[in-house]
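Asks: the amino acid sequence is not available; the structure is as follows:
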């Protein structure tokens, strides 16, 4: 199944046959005090740096979350979407838990966006799926309901089925535009949780063949050497069937691990992308060295 | 083993979260004639405080905090009934819950551990806790503190809804309100009219103790 995302001029495909889709997580004020203050003042300048860094790091889609407390999130979302679409042609993932913010962001967006996210809660399905349909977007769906985030992969599968049934049956959203999040939980909280995430990925692939995504940084929460954990987790999840992830695209250790997984799983013919990325890094290092030498003389 | 050695070992084994050793040392201490409050206040609580301090410094990580909390919880199961018999006062009682609409519980559970570790009685209402449920629990348990946890910007407004419900029920002045969760800030806590906020679990305990002290100093016993 192919999930196609678009900006005004670029198309990105999420599928098991394509390179793993790296969704940059950085444009999000959660836990970033300075960024929150800037956003409250309406200062979006930090976003330019976040876009540039993630672009350089290898992001293929950018997640945009403007959830700063005490700010007008809808207004910020519209401004951010317009700003970012002026800076890059990468497709965007419009991320908010507020329906009006999603609506405003999708209205401002040019292309086919990814919506982050809907859950299996009836109220959320009723509110968000009409927007997905209206704007012809794709949507990330989380298999949790009013009661809980189920630990059992089979229960997650049941909730995923509910979402897919409602989205395709009632709202006419094609199954390929539903990207299921198997729910990545922190391994530090319980070392059995990530195994369950992987089981869920594999079940989703077998049962529905849908594309999948997850917040990869969740996995290493509360642990030291987080990038090393991400770099081990993602290739394992990719081998299990994961087709995209929201991750720290500024971390070369993680991005290179993902690219290596693509190479090893035969999604990079002749290793051309792997080698090209190596050359680009080499050229950059040489340039930096030359600049340093020039500065010294 | 002298009493001092036992307390030292109890402290050390709690620090590394060795639950079986903590349990047997607790029993051994009681047999030796050490009172439950001695074991609690001179070994277990200082040990969990050290865990919290190390966590805050970045020297300890989430699993280490969880396992230490678990080891202490095992000892508390033995000590609690004994402490009740001696009429010893707990430091305070806190009712905790993740607000309605929100199912995230990992952060809240870490906070619970640190509160238990500091000698508080923790009543955990779980996730998706509606305002009425908080009110009922406050009426039933008469806690010193109520803690609201939220992980989403959409569920944070439940802090205000809960506080309004407390006001309506005439309970707002009876209890200290603390709020927290990934997207929450001090500023937000102030705006919704909470009494306290902290950025992480061990800071939450420090803040709670400050707030309790302030309140107890104000109200004559």
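Replies: Arrived safely. Fair warning: this is a prediction, and the values are worked out from it, not measured in the lab.

Asks: quickly list the domain ranges of chain B.
Replies: B:3-86, B:93-218 (automatic domain parsing).

Asks: start to end distance for the first one?
Replies: Okay, so that is domain B:3-86. From its first residue to its last, domain B:3-86 covers 20 Å (CA to CA, to the nearest Å).

Asks: quick check: buried residues in stretch A:239-250?
Replies: By neighbour count with 16 or more other CB atoms under 10 Å in any protein chain shown, stretch A:239-250 contains the buried residues A:240, A:241, A:242, A:243, A:244, A:245, A:246, A:247, A:248, A:249, A:250. In short, each C-beta sits where N, CA and C put it, glycine included.

Asks: out of those, which one sits closest to chain B?
Replies: For the buried residues of stretch A:239-250, the residue nearest chain B by CB to the nearest CB is residue A:246; the value is 15.2 Å.

Asks: now do the helix or strand containing that closest one: distance to the chain's middle.
Replies: Here residue A:246 sits within strand A:244-247, counting by DSSP states H and E. Distance of strand A:244-247 from the chain centroid (CA atoms, centre = their mean, to the nearest Å) equals 4 Å.

Asks: packing partners of it?
Replies: strand A:21-27, helix A:226-240, helix A:252-264 (3 or more CB pairs under 8 Å, 6 or more residues apart in numbering or on different chains; DSSP states H and E).

Asks: what do you get if the cut-off is 7 Å, keeping everything else the same?
Replies: strand A:21-27 (3 or more CB pairs under 7 Å, 6 or more residues apart in numbering or on different chains; DSSP states H and E).

Asks: quick one on the thing from earlier: is it possible to get the buried residues of stretch A:239-250 out as TSV so that each row also shows pLDDT?
Replies: Converted to TSV, the buried residues of stretch A:239-250 look like this (pLDDT from 0 to 100):
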residue	pLDDT
A:240	97
A:241	97
A:242	98
A:243	98
A:244	98
A:245	98
A:246	98
A:247	97
A:248	96
A:249	97
A:250	97
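
Asks: closest to residue B:128 out of those?
Replies: residue A:246 (24.7 Å; CB to CB).

Asks: tell me the contacts of the closest one?
Replies: Residue A:246 is in contact with A:23, A:25, A:63, A:213, A:215, A:216, counting by CB atoms under 7 Å, 6 or more residues apart in numbering or on different chains.

Asks: neighbour count, pLDDT and distance to chain B for these - can I get that in TSV?
Replies: Putting the contacts of residue A:246 into TSV (neighbours: other CB atoms under 10 Å in any protein chain shown; pLDDT from 0 to 100; distance: CB to the nearest CB, whole Å) gives the following:
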residue	neighbour count	pLDDT	distance to chain B
A:23	31	98	19
A:25	24	97	14
A:63	24	98	15
A:213	28	98	18
A:215	20	95	12
A:216	25	96	17
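
Asks: count of neighbours near whichever residue of chain A sits closest to chain B?
Replies: In chain A, the residue that lies nearest chain B is residue A:222 (2.8 Å; CB to the nearest CB). Neighbourhood size, residue A:222 [other CB atoms under 10 Å in any protein chain shown]: 20.

Asks: that one is in contact with residue B:62, isn't it?
Replies: Yes. Contact criterion CB atoms under 7 Å: residue A:222 and residue B:62 qualify, at 2.8 Å.

Asks: if anything else comes up later, I'll come back, but that's it for now.
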